Structure formats: structure tokens, C-alpha cells
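A.B. asks: need the 3D shape of this:
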Amino acid sequence: MGDYPLYDDTCYSLELNCKAHITEWGVEIAFGAESDVMFTGGQVSKGAKVHDCVVEEGALVPEGVKIAGERAFPKIVCADSLAQADELFDPTVIAYSGKISGQTDSHNGLPVLSALSKGEELLSLVLAKAFPILPQSDPDCCSACGRNCYQLAGEILQGLAKREDCVLDGKSDLILEVGGSAVTIVPFVQKLLRDSVLAFVDNLKDIPPTGDISIKVRR
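C.D. replies: Prediction:
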């Protein structure tokens, strides 16, 4: 503890563990637990949710993506070696950091920046490359833009596509709001829900054949 400073309005992964001797087995077992916490106002906020960290003009920085090709957002690979850097490389990687920052200044055409000595440069790169998160939709449910979210994220970072190319962000024939917040629905589910509502409404008497339909469910 104490190796790195904590910043306000930032979420952290709190990892705990303890050991206990199991008499019946004759061994000592380690038990682990992990919880998301938010550091705000100079203290840890209990019961915080990760999305509470995403404030206006803010950012969410997830940790622990260890498989290349996993998750559709920009990534910084913290690697112990160049071999590990190669293993974790994919089109969504924007930079490297970690122990290899003392070995080279660039790798795979990307900058290698130490978070301790080049933190400002690393932050500037993140702000330049970051974009509003994609829906992270299952490819089996949505490939309306012609790619999956992971492929689109890679093309955005390489300058081959724009964030606006995501079809789910465009004009939708169905809008679902829960608690006043819009819910992203993949095209397949949109069509299923829309067709069901239209089929029901079209069977009602004295209903205009055109015009938008609004349904409000109180709970």
C-alpha cells in the first residue's frame, strides 16, 4: 500500500485475501475477494458502483483485460517483457507501459511510456485516443455496421472508421427508456419488440394507421 496516489472520483478494484488452515485436508488455503470501490471526497465510498465513476466529461478506466481481442475500447498494455507485449497486442492497443518502459521507447509502432516518469504524456495520449464506449454487443446479435464492436474499435483507432459509424447510435425505429435513461438495444431485439408492439396496436379499433407509438409502464 502507498506505492501510488489515489485520485478523487476514481474507481479502484479492491483485492483482499486471507489464509486459513483446513484441518480435514491438512493444508492452508488462500481465500480471495474483490470489490469495486470509488474514492471520492478523500475517502472510499462504500457500496459504490463502477458506473458512478463516469461523471460528465469523465472517463472509465477498466483494469485486468488480459486476452488479446477482448473488449472493444482503447487499451494500454502493461507488460513485463517484449514477448508479453506481443502476446497481448491487438488493433485496439494504443500504447505500452509497465516494466518494458525501461527497455525501449517504442514497440510494434506504438509508444512505450512509463506511468511514473511520463504520466502526463500517457494521459495526453489517452485523451486523444478515447471515444464514447461502444455497445459491446454480441456479434451474433448485432453486426449492423458490417463489423463487430471490437473490429469497429480497432478501425476507429487506426483512422479507418468513425465512432458515428455505430448503427446503434444512429436513428432507431424503437427507443426504450428505463428511469429516464435510454437503453441500447441490438437491431434483432429492436425488430422483435417493435414488430410485437405494431402487431398488437394494428389489431385495435379506431387507431390511426400512421404516427409514433408511445408506451409507458409504471412500476
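
A.B. asks: shaky segments in this protein?
C.D. replies: Within the chain, the segments meeting pLDDT under 70 span 1-3, 46-61, 63-70, 169-171.

A.B. asks: ranges for the helices of it?
C.D. replies: 82-87, 119-129, 149-157, 187-202 (DSSP state H).

A.B. asks: list the contacts of the second one.
C.D. replies: Residues outside helix 119-129 that contact it (Cβ atoms under 8 Å, 6 or more residues apart in numbering) are 59, 74, 76, 94, 95, 97, 111, 113, 115, 157. No exception for glycine: its C-beta is placed from N, CA and C like everyone else's.

A.B. asks: just the buried members of these?
C.D. replies: 74, 76, 94, 95, 97, 111, 113, 157 (16 or more other Cβ atoms under 10 Å).

A.B. asks: partners of the fourth one in the sheet?
C.D. replies: The reference is to residue 95. Beta bridges link residue 95 to residue 76, judged by DSSP bridges.

A.B. asks: reformat the buried ones among the contacts of helix 119-129 as CSV; add distance to residue 25.
C.D. replies: Listed next are these as CSV, based on distance: Cβ to Cβ, whole Å:
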residue, distance to residue 25
74, 45
76, 41
94, 46
95, 45
97, 41
111, 49
113, 46
157, 49
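
A.B. asks: what segments of the protein are strands?
C.D. replies: 10-22, 27-40, 43-45, 75-78, 93-97, 106-107, 110-111, 176-178, 181-183 (DSSP state E).

A.B. asks: of all the residues in the third one, which ones are buried?
C.D. replies: Residues of strand 43-45 include none that count as buried (16+ other Cβ under 10 Å).

A.B. asks: quick one: strands adjacent to that strand?
C.D. replies: Here strand 43-45 has these sheet partners by DSSP bridges: strand 27-40 (antiparallel).

A.B. asks: contacts only, for residue 134.
C.D. replies: 72, 73, 149, 152, 153, 163, 166.

A.B. asks: tell me the spacing between the residue lying closest to residue 35 once chain neighbours are set aside and residue 30.
C.D. replies: Of all residues not flanking residue 35 in the chain, residue 14 sits nearest, at 4.9 Å (Cβ to Cβ, 6 or more residues apart in numbering). In this view, residue 14 and residue 30 are 17 Å apart by Cβ to Cβ, to the nearest Å.

A.B. asks: the two: which has the busier surroundings?
C.D. replies: Between residue 14 and residue 30, residue 14 has the larger neighbour count (other Cβ atoms under 10 Å), namely 11 against 8.

A.B. asks: OK, contacts around that one?
C.D. replies: 34, 35, 36, 37 are the contacts of residue 14 under Cβ under 8 Å, 6+ apart.

A.B. asks: so what's the residue count around residue 72?
C.D. replies: Residue 72 has 22 nearby residues by other Cβ under 10 Å.

A.B. asks: same check on residue 158?
C.D. replies: 10.

A.B. asks: again with residue 27
C.D. replies: 8.
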